[in-house]
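>>> Below are the sequence and a predicted model for it; my questions follow.
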Amino acid sequence: MRKIFTEARLALIGILILIWTLIPIYHLFVMSITPRVETFAGALWPSRPTLENYETVVEQGHYYLEHFWRQLWNSAFVAVMVCVITLAIAATATFAISRLKVRGGRLVSNMALATYLIPPAFLAIPMYKVMGIYGLLNTQWSLILTMVTFASPYAIWVLKQYADKLPYELDEAARIDGASPLQIFRLIYLPLMAPSLVAIGTYALLLAWNEYLYAFLLLSADKDITLAVALGHFLTTDDAPFNVLMATGAVYALPPAAVYYAFRRYMVSGLTAGAVKS
Amino acid sequence: MASVSVEAVRKRYGALEVIHGIDIAIPDGEFVVLVGPSGCGKSTLLRMIAGLEEISGGTVRIGQRVVNQVPSKDRDIAMVFQNYALYPHMTVRENMGFSLRLRKAETEVIAERVQRAAQILSLTELLDRHPKQLSGGQRQRVAMGRAIVRNPQVFLFDEPLSNLDAKLRVQMRTEIKALHQQLKTTSIYVTHDQIEAMTMADRIVVMHDGIVEQIGTPLELYDTPANLFVAGFIGSPAINLIRGILRRDGGRCWVATEAGVDLPLNGDAAGQDGQAVVYGFRPEHLTPVENSGLLSRIEVVEPTGANTFVYAELSGAQICGVFSERRSFAAGETLHLMPQLDRVHLFDAASGRRLAA
Amino acid sequence: MAPGRLSQEATWGLIFLVPYIVLFLGLVIYPVSYGLILGANPKSYVRLWTDPVFLRTIVNTVVFLGVAVNIKLFLALLLSGFFVHERRWIRWLSVVFILPWAIPSIPTILSFRWMLNAEWGMLNSLIFRLTLEDGPNWLLDRWSGLGMICVVHIWKYLPFWTLILLAGRLAIPKDLYESADVDGASGLQKFRYVTFPSLRNLYITCTLLSTIMSLGDFNSIYLLTGGGPADSTQTLATLGIRYAFGMSEIEVGVSTVVVALPVMLPLLVLMLRRMKKGEQP
């Protein structure tokens, strides 16, 4: 009897959580399959579900979507570059700090940790100015480098936690076996860190793909902007085609969801272990 | 193969000196065990020989070459670590061949040498497994295999058996020794376990607080410990030590304890009348006698089958005796015990040094 | 280290560290210093002080942080207690539950925005159909706008913190609960005497960290209300951008952020200490 009560209670909470989580996503989906004529009906389910909005997106059939494919590619390019560069920087830095025990390594890792605690939005204005000085404004490299800047502190911190846990004797054994630091990095460190590298890579990828503020500040030409910025453009008018916007949004949200689920196994343990410890 | 010599070696961490000038000469082919309690500096010394720690002072030579400045990989040594340090992402085969691969050896050469090492250590069946699929003893063997494949000048072992259970430890002890007899590679072996030291070593180096207390063959250390530390460290159960004052009267010689017991000595014992000394005798050098001898009261009796351990109170100290003949001892009973006088050790109480005859 | 090895390893160590150091100097130190210089003009602060929007924004920020962070973490604590149950369907649910965090803000927040539209949003249509009354102007009023901002923020970040606290719960040794069972503790007592003491530290760390991060939440405000109506729902993160890019007052924009430093820096130091302590368990 008690057991049934417990299960019923769990089920009730579970349903509430499911509804809470899915409401805006459901709304997004419903609107994306609602025909344009029903846009303002506010119905829970369209009387005539349609894929016309998706067709519009794919065919770039709207003024706002002229460069849809180009912008999707931009998002992907930025995300992949951020992922690769963050991994490269964080893996080498943590190897130097944690395994080679380079002098000043502690200082660097502390500085990285401090950077992790700066809210990115607070750096937006100076970052914008600095990118202007570097002459990178309105190029995708400004966005890529900015996102690497914000992804790598966390990456370094998480990777360092894992790197510190690898037995140091492995490096010593490799050194006696005749490995140079570069060989230890390549043949011992990287393979052993692979799971956390996957987690961090996914993290950086999602962070960059999902970024709105910096993409919107640093990029302006229609052909350079990412999909996030393009979606933001819909906001500038009152008579925006919201159903098309929602369809675009759904397309935009799909890849990160897929990537997340593909690497979920690594993400959960990888990120929670490093995110907060007490 | 090569000799190893350690000359006046010191290790400092900042202002803290942990090794205070150590000299050890190890001839080619010898199996030397560095033994001592934890924190005595034995592992640090081994790691300096391996090139994993900087040498703060003195010289380490492998063969004729001074290696102070030589990186580990060029010292032509192999090391077996306490936690084995097998590369988890490589198979046994890859683990064993790693050093040759780094040295850009031919694939066939690697395969052949790994195969041979695997045969020596009966690892042939396990070559394609990963370390986590192996038992503790098998991992230990792979770690040794990795060392053998290299065919190095010197093997270094850093407490290689301390992660194994007691039974396996005894077995691996024998295997390592047999391996050394087969390969005859100069070996330096670090352990905190004096039994391991006694059973495996050609020569033992007893270390304590960053200095060498004594170097010698196992039996030398056992029979003529140079000081109280070595006497107490080597031998199990531990040597019995009782404080007292050395007395001489004519040809007679004894140690008077505070509790008023006179401990017998041979007439030719060293030391001066009135000197504060420590009187030592090993548990197995104690004989029960009828009525002369030292009166002691039995506190605990532990029969092991082969021997019987008797813990008794003598002159306010607890002593231990090991007797191999079957006879009934009972707690509470009093016993007359006589140390074998020619095997009694006398140490100066102040310096701890052995008083030589 | 023997000099031969030392030089080789130190050299490689430096080479490996250089990319991050360059990035750090060029894109953290430089912009931060640049920002501090931009924010050093006293006139900007006079301007801020005399702008009623700014004072309102301070209140908004405090309310947003106080409400959103605390509700979010409290819910996360409760939900972690739900997800700790071992059921196959709960594992599946957790997979769905994480969605808000994994997918980008912009489509979901715009979806919220539309859903909450007073005239033709799904929510008010539903209210009208059920009650025949018009629903409230969700986003066109300062306090209900802020309330919705909190809802959106919580929706987006609840999964992440639940996951963290769940990890904390899973790290509590099972035998503590078993011995509590043996001692006859009730469910509530187990929470009071086992779960809560074990999670307290983590919970405080999470609160601090989440406060710092939420201070920088731009999307939940900008994409939902745009700071409106009439700049009544701005927070420091969005107001700075508004000054700098909406009104071309770069220095004032930076000063808006600098104003938060006296609160942020102690939090940051506190947080750094806590995180570093946890680093070597």
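That came in fine, so what should we check first?

>>> got the buried residues for the helix ranked longest in chain A?
Taking DSSP state H as the criterion, chain A has its longest helix at helix A:2-32. Going by neighbour count (16 or more other CB atoms under 10 Å in any protein chain shown), the buried part of helix A:2-32 is A:10, A:13-14, A:17, A:20-32. Where C-beta positions appear, they are placed from N, C-alpha and C, glycine not excepted.

>>> That one - what's its average pLDDT?
Taken as a whole, helix A:2-32 carries a mean pLDDT of 91.

>>> Give me the next element, helix or strand, following it.
Using DSSP states H and E, the helix or strand that follows helix A:2-32 in sequence is helix A:52-58.

>>> And that next one, what's buried?
Buried residues in helix A:52-58, counted by 16+ other CB under 10 Å: A:52-54, A:56-57.

>>> hmm, back to that, the buried residues of helix A:2-32: which ones sit near chain C?
Contacts with chain C within those, counted by CB under 8 Å from any CB of the partner chain: A:10, A:13-14, A:17, A:20-25, A:27-28, A:30-31.

>>> what about the helices in the stretch 101-250 of chain A?
For the stretch 101-250 of chain A, the helices defined by DSSP state H, counting those that start in this stretch occupy A:105-116, A:124-134, A:140-165, A:168-176, A:181-183, A:190-210, A:213-218, A:227-233, A:242-262.

>>> what do you get for the stretch 51-200 of chain C?
Under DSSP H, counting those that start in this stretch, the stretch 51-200 of chain C gives helices at C:52-64, C:70-83, C:88-97, C:99-102, C:105-115, C:122-131, C:142-170, C:174-182, C:187-190, C:196-215.

>>> again, but for chain B
For chain B, applying DSSP H gives helices covering B:42-50, B:92-102, B:107-120, B:136-150, B:166-183, B:194-200, B:218-223, B:228-233.

>>> Please name every helix or strand in contact with the third one.
For helix B:107-120, the elements it packs on are helix B:92-102, helix B:136-150, judged by 3 or more CB pairs under 8 Å, 6 or more residues apart in numbering or on different chains; DSSP states H and E.

>>> Chain A: which of these is closest?
With CB to the nearest CB as the criterion, chain A lies closest to helix B:92-102 of the helices and strands packed on helix B:107-120, at 3.7 Å.

>>> Where do the domain boundaries of the chain fall?
You didn't say which chain, so I picked chain A. Domain segmentation of chain A under automatic domain parsing yields A:2-58, A:66-275.

>>> nope, chain B please
Domain assignment for chain B by automatic domain parsing gives B:4-232, B:237-348.

>>> surely A:Thr92 meets C:Pro19?
Yes - taking contacts as CB atoms under 8 Å, A:Thr92 lies within contact range of C:Pro19: 6.1 Å.

>>> So which of those two has more stuff around it?
A:Thr92 (21 against 18; other CB atoms under 10 Å in any protein chain shown).

>>> What sits closest to that one if chain neighbours are left out?
Nearest residue to A:Thr92, sequence neighbours excluded (CB to CB, 6 or more residues apart in numbering or on different chains): C:Phe16, at 4.0 Å.

>>> Could you report the neighbour count for the one you found?
For C:Phe16, the neighbour count with other CB under 10 Å is 24.

>>> And C:Leu140, by the same measure?
Residues near C:Leu140, counting by other CB under 10 Å: 16.

>>> Next: B:Arg61.
B:Arg61 has 18 nearby residues by other CB under 10 Å.

>>> How about the contacts made by it?
Contacts for B:Arg61 (CB atoms under 8 Å, 6 or more residues apart in numbering or on different chains) come out as B:3-5, B:7, B:67.

>>> measure it to B:Val9 for me?
Per CB to CB, to the nearest Å, B:Arg61 is found 11 Å from B:Val9.

>>> ok, now B:Leu156?
The value you get for B:Leu156 to B:Val9, if CB to CB is used, is 15 Å.

>>> Please verify my assumption that C:Ser232 contacts C:Arg56.
Yes - counting by CB under 8 Å, C:Ser232 touches C:Arg56, with 6.4 Å between them.

>>> low-confidence ranges in the stretch 1-150 of chain C?
Applying pLDDT under 70 to the stretch 1-150 of chain C flags residues C:1-7.

>>> Let me know which of the helices of the stretch 51-200 of chain C is tucked in deepest.
helix C:105-115 (a mean of 25; mean count of other CB atoms under 10 Å in any protein chain shown).

>>> Least confident of the domains of chain B, on average?
Across these, domain B:237-348 gives the lowest mean pLDDT, at a mean of 88.

>>> Figure out the length between the terminal residues of it.
22 Å (CA to CA, to the nearest Å).

>>> A:Gly61 belongs to a strand?
No - counting by DSSP: H, G, I helix; E, B strand; the rest coil, A:Gly61 is not part of a strand but coil.

>>> Skip the chain neighbours and tell me the closest residue to it.
A:Glu55 is the one closest to A:Gly61 (CB to CB, 6+ apart), at 7.1 Å.

>>> how close does that neighbour sit to A:Ser32?
Distance from A:Glu55 to A:Ser32, by CB to CB: 11 Å.

>>> who touches the residue nearest to the spatial centre of chain C in this structure?
Compute the mean C-alpha point of chain C, and by CA atoms, centre = their mean the closest residue is C:Ser214, 3.0 Å away. By CB under 8 Å, 6+ apart, the contact list for C:Ser214 reads C:64-65, C:68-69, C:153, C:157.

>>> 6 Å - rerun?
C:65, C:69 (CB atoms under 6 Å, 6 or more residues apart in numbering or on different chains).

>>> B:Ile293: what's it in contact with?
Actually, residue B:293 is Gly rather than Ile. B:Gly293 touches B:336-338, counting by CB under 6 Å, 6+ apart.

>>> do the same with C:Asn41
C:Glu251.

>>> how close does it get to chain B?
Applying CB to the nearest CB, to the nearest Å, the value for C:Asn41 to chain B is 48 Å.

>>> Need the phi and psi values for A:Ala179.
The phi/psi pair for A:Ala179 (degrees, to the nearest 10) reads phi -90, psi 140.

>>> what's the nearest residue to it if we skip its chain neighbours?
B:Leu102 (5.4 Å).

>>> Surely the one you found and A:Arg175 touch.
No - with contact defined as CB atoms under 6 Å, B:Leu102 does not count as touching A:Arg175 (10.2 Å).

>>> Neighbour count for those two, which is higher?
A:Arg175 (23 against 17).

>>> Is stretch A:63-73 positioned near chain C?
No - Stretch A:63-73 lies apart from chain C when judged by CB under 6 Å from any CB of the partner chain; the minimum separation is 12.6 Å.

>>> Same question for stretch A:75-83.
No - Stretch A:75-83 stays clear of chain C (CB under 6 Å from any CB), getting no nearer than 9.3 Å.

>>> Please put the alpha-carbon coordinates of that stretch into CSV.
Extracted C-alpha coordinates of stretch A:75-83, given in CSV (Å, rounded to 0.1, in the frame of the first residue of the first chain):
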residue,chain,number,x,y,z
SER,A,75,26.7,28.5,-36.9
ALA,A,76,28.3,25.1,-37.6
PHE,A,77,31.6,26.6,-38.6
VAL,A,78,31.8,28.8,-35.6
ALA,A,79,30.8,26.0,-33.2
VAL,A,80,33.3,23.5,-34.7
MET,A,81,36.1,26.0,-34.7
VAL,A,82,35.4,26.9,-31.1
CYS,A,83,35.3,23.3,-30.1
